[in-house]
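Colleague: need a 3D model of the following:
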Amino acid sequence: MGANTSQVSDLSESQSIRTLIGPDAISENEPFWNQLISFTFTSPTCSADAKLLEEAVVPLAKTLIQNNPRSGNFGALVRVFLSRTKELKISTECQDQLFIWQAHNALFLVRCLLKVFIREMSEEELHLQFSYQERVPGTYDSICKDLLEELVCNLVHLIVEVPLLDITYNILFEAVTTLLVLMSYQLFHKEVLREGLIYGYLTRGRCLSLTSRLVKTLLYNFIRQEKCPAATHVLQTQSDGGGMLYGLASGVASGLWSVFTLGGVSSRPGAEQDQNPLPLSNQSLLLLLVLANLTDGADCPNPYRQAVTCFKNTQDSSSLPSPQPHTFQINFNSLYTALYEQQKSDQVTLLLYTLLHQNSNMRTYILSRTDMENLVLPILEILYHVEERNSHHVYMALIILLILTEDDTFNRSIHEVMLKNISWYTERVLTEISLGSLLILVVIRTIQFNMTRTRDKYLHTNCLAALANMSAQFRNLHQYAAQRIISLFALLSKKHNKVLEQATQSLHGPLGADDRTVLPDYAQDLNVIEEVIRMMLEIINSCLSNSLHHNPNLLYALLYKRELFEQFRSHPSFQDIMQNLDTVIGFFSQRLEQAGSDLSVERVQEVIKKGAAALPKERLKVSTGKLILLRHTGLIIHQLTESHNCHLCTRTSGVTMVKMINNGFINK
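Modeller: Purely as a prediction, here's the structure:
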């Protein structure tokens, strides 16, 4: 097999590959294996190279599936890999690059073949592929190990035991990716998988004792954000014989990689790093999310979810033992930094949601931070660019805001954080604005986008619930934010009138019309929009009854558009909540009339500020709207996990696998 092999037609002519996938058994002690796994390459870390590799491997793997029952060569390849990982940790300490290099190459071949196997067969049939092995005539193997379980356990041990260095980066990446490939059966099932061989190995088998170490290692891989090292670091020429290693690699079997990729990688050095510079970090996060979202077994809870929900800060000096199993400690500051720096990725947003929702230690830590803007701004940017994001990413970002806004301290503090020149907010120049006002602007923009594009009822409710959670703590709202609140109410009022008019016209259809004609369900539309209008009124009412004197800009916008609220004063659905608004509008309208006509903006604002201090608080009913809508928050999370469960509950593993498909590491 020559180093220059690069054409599709050369695949069937490669003697090494024909031997591997052929019907003849190859003993794992033969020199063939050393020759086969002595090739040089960098694992593909972008979808283009991975797709190229997949196209080349599929026909080879299918041939092996046919011949493996006779040859047992796949099992022999797995055993070759296992034999080379027994001393992998020692080899790392001794800087034995040749040993690590060959172990990595063997695992890479196993992973490439497994991708095709899993697509072509059931888990039980896959297990059989591991059990086929060469039998010497007249002998009997009394020790029959479960080779698939050995592989899974070996991969977990490899990830937690081998330190992350330049020389081990690639094999750790392959170990994480191979585990993801092994768990990708969820992709081929519509229902949630609750049992299975691989599931059992990871949650009830020998791997169970390594649960906390595996979760901790994957988290630190994500936190460290290590870039992929230079492709030539393993094969660099050294004075102590490194040249022989390079000669072995390039002269013996480097052509295998050229055959598998059709020359793709060698012709574009460094392309993978340019497109995905953090492959191990990304893969570790995906594996962590898949593990944490496996369903609970019939007889035991998911240990990886337990580990994710109970880990503590390394600075937590509490000596009390945790009641939760699989707990450990990790540096919260480093994790927090990684979370806000990587929020453009939907899987990082999912991790943040998971930690906020399920890990009380992490949620308390995040809410206690004094630099909350570092985390909130990336979330707001996701929502601002809603048209560029997938719906799952938008929903996750919104739920994160819902969780944060349940905390009154957060709601107060965000109005104290002043921001300057938000570059990604392009609708209007905001030279200076509070984080709270910016949050309101972005959420309102999301509502308006949804009204004109997606028309998702849940999205409306979620956005308004976030505003309602904040409403009692509104402070010194920016003029533009106050205007947008009233403008949104104006838009809803206009839509309400339009739907009401259409409903009226439908009831008075032309004479002789067929009574069986199905009319649009205007009544249902009207109920929905009235529910949204009521939530908006509750938000405004909550702000007026709790922090009126802190929000002169909202009062100004309310008075400027006070005619909008006239039609709802006598409406039976809104009479109760309109009481405070009537009181405020009437009180300030009277003071403005007393101040004279043709008032300047500055004079109106002065009257409003003085009036806010003079309005007796006992004249306003304390709003319970916030408490009502806080109950919406819990309901909302339930609704989202029902309607968008791919990301937010047990199907997370499946959708994370879809992310793997997009990366090209798993092909359905």
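Colleague: in which helix or strand would I find the residue nearest the centre of the chain?
Modeller: Among the residues of the chain, Q347 comes closest to the average C-alpha position under Cα atoms, centre = their mean, at 2.3 Å. Element membership of Q347, judged by DSSP states H and E, is helix 346-358.
Colleague: contacting residues around the very next helix or strand once past that helix?
Modeller: Counting by DSSP H and E, the element after helix 346-358 in chain order, helix or strand, is helix 360-367. With Cβ atoms under 8 Å, 6 or more residues apart in numbering as the contact definition, helix 360-367 has outside contacts at 310-313, 316, 332, 335-336, 355-357, 372, 375, 403-404, 407, 409-410. Where C-beta positions appear, they are placed from N, C-alpha and C, glycine not excepted.
Colleague: average model confidence for helix 360-367?
Modeller: Per-residue pLDDT values across helix 360-367 average out to 95.
Colleague: and the next element down the chain from it?
Modeller: As the chain continues past helix 360-367, the following element, by DSSP H and E, is helix 373-384.
Colleague: pLDDT at the residue nearest to the centre of the chain, what is it?
Modeller: You'll see Q347 listed with a pLDDT of 92.
Colleague: ok so, going back, quick one: buried ones out of the contacts of helix 360-367?
Modeller: Neighbour counting by 16 or more other Cβ atoms under 10 Å classes 310-313, 332, 335-336, 355-357, 372, 375, 403-404, 407, 410 among the contacts of helix 360-367 as buried.
Colleague: of these, closest to V290?
Modeller: Closest to V290 out of these is L355 (15.9 Å), distances taken as Cβ to Cβ.
Colleague: surely that closest one touches C310?
Modeller: No: applying Cβ atoms under 8 Å as the test, L355 and C310 come out as separate, 11.3 Å apart.
Colleague: what about the stretch 251-400 of the chain, any weak spots by pLDDT?
Modeller: In the predicted model, the stretch 251-400 of the chain carries pLDDT under 70 at residues 251-277, 319-322.
Colleague: how about the helices of it, start to end?
Modeller: In order along the chain, the stretch 251-400 of the chain carries the following helices (DSSP state H, counting those that start in this stretch): 255-261, 271-275, 279-292, 303-310, 332-341, 346-358, 360-367, 373-384, 391-405.
Colleague: out of those helices, which comes closest to T446?
Modeller: Minimum separation from T446 across those (Cβ to Cβ) falls at helix 373-384, 5.0 Å.
Colleague: identify the residues contacting the closest one?
Modeller: The contact list for helix 373-384 (Cβ under 8 Å, 6+ apart) reads 336, 339-340, 343-344, 349, 352, 366, 369, 389, 393-394, 397-398, 400-401, 404, 414, 417, 419, 422, 424-425, 435, 438-439, 442-443, 445-446.
Colleague: could you rerun that using 7 Å?
Modeller: The contact list for helix 373-384, computed with Cβ atoms under 7 Å, 6 or more residues apart in numbering, reads 339-340, 343, 349, 366, 389, 393-394, 397-398, 400-401, 414, 417, 419, 424-425, 435, 438-439, 442, 445-446.
Colleague: are any of those buried, and which?
Modeller: With burial judged by 16+ other Cβ under 10 Å, the buried subset of these is 339-340, 343, 349, 366, 389, 393-394, 397-398, 400-401, 414, 417, 419, 425, 435, 438-439, 442, 445-446.
Colleague: V429 in helix, strand or coil?
Modeller: Remark: V429 carries the secondary structure label coil [criterion: DSSP: H, G, I helix; E, B strand; the rest coil].
Colleague: what about it, how many neighbours?
Modeller: One way to gauge burial is a neighbour count; for V429, by other Cβ atoms under 10 Å, it gives 9.
Colleague: roughly how far does it sit from L438?
Modeller: Computed as Cβ to Cβ, to the nearest Å, the V429 to L438 distance reads 13 Å.
Colleague: domains in this structure, by residue range?
Modeller: With domains defined by the TED database, the chain comprises 8-133+145-206, 212-226+278-347, 623-663.
Colleague: next, the buried residues of whichever strand or helix holds K494.
Modeller: Under DSSP H and E, the secondary-structure element containing K494 is helix 479-507. Under the neighbour-count criterion of 16+ other Cβ under 10 Å, helix 479-507 has 480-489, 491-493, 496, 499-500, 503 buried.
Colleague: for that helix, packing partners?
Modeller: On a contact count with 3 or more Cβ pairs under 7 Å, 6 or more residues apart in numbering; DSSP states H and E, helix 479-507 meets helix 435-452, helix 522-547, helix 552-560.
Colleague: that one vs helix 435-452, what angle?
Modeller: Going by axes from the mean of the first three to the mean of the last three Cα atoms, to 10 degrees, helix 479-507 is angled at 20 degrees with respect to helix 435-452.
Colleague: quick check: which element contains the nearest residue to A106 once chain neighbours are set aside?
Modeller: What sits nearest to A106 in space, not counting adjacent residues and going by Cβ to Cβ, 6 or more residues apart in numbering, is F81, at 3.9 Å. For F81, the enclosing helix or strand under DSSP H and E is helix 73-85.
Colleague: counting by contacts, list what the helix or strand following that helix packs against.
Modeller: Stepping forward along the backbone from helix 73-85, the first helix or strand reached (DSSP H and E) is helix 88-93. When contacts are defined as 3+ Cβ pairs under 7 Å, 6+ apart, helix 88-93 packs onto helix 97-120.
Colleague: which parts of the helix it packs on are buried?
Modeller: Buried residues in helix 97-120 (16+ other Cβ under 10 Å): 97-119.
Colleague: output the contacting helices and strands for that helix.
Modeller: Taking 3+ Cβ pairs under 7 Å, 6+ apart as the contact cut, helix 97-120 packs with helix 47-71, helix 73-85, helix 88-93, helix 123-131, helix 169-182.
Colleague: tell me what angle it forms with helix 73-85.
Modeller: Compare the direction of helix 97-120 with that of helix 73-85 by the same axes, to 10 degrees and you get 150 degrees.
Colleague: who touches helix 97-120?
Modeller: Applying Cβ under 7 Å, 6+ apart, the contact partners of helix 97-120 are 37-39, 43, 53, 57-58, 61-62, 64-65, 74, 77-78, 80-81, 84-85, 88, 91-92, 126, 129, 167-168, 170-171, 174-175, 177-178, 181-182, 184-185, 234, 245, 666-668.
Colleague: and those residues, which of them are buried?
Modeller: 37-39, 43, 53, 57-58, 61, 64-65, 74, 77-78, 80-81, 84-85, 88, 91-92, 126, 129, 167-168, 170-171, 174-175, 177-178, 181-182, 184-185, 234, 245, 666-667.
Colleague: who wins for proximity to D24 among the helices and strands packed on helix 97-120?
Modeller: Set against D24 and scored by Cβ to Cβ, the helices and strands packed on helix 97-120 come closest in helix 47-71, at 6.0 Å.
Colleague: so which elements touch that closest one?
Modeller: Helices and strands touching helix 47-71, as assessed by 3+ Cβ pairs under 7 Å, 6+ apart, comprise helix 15-21, helix 73-85, helix 97-120, helix 255-261.
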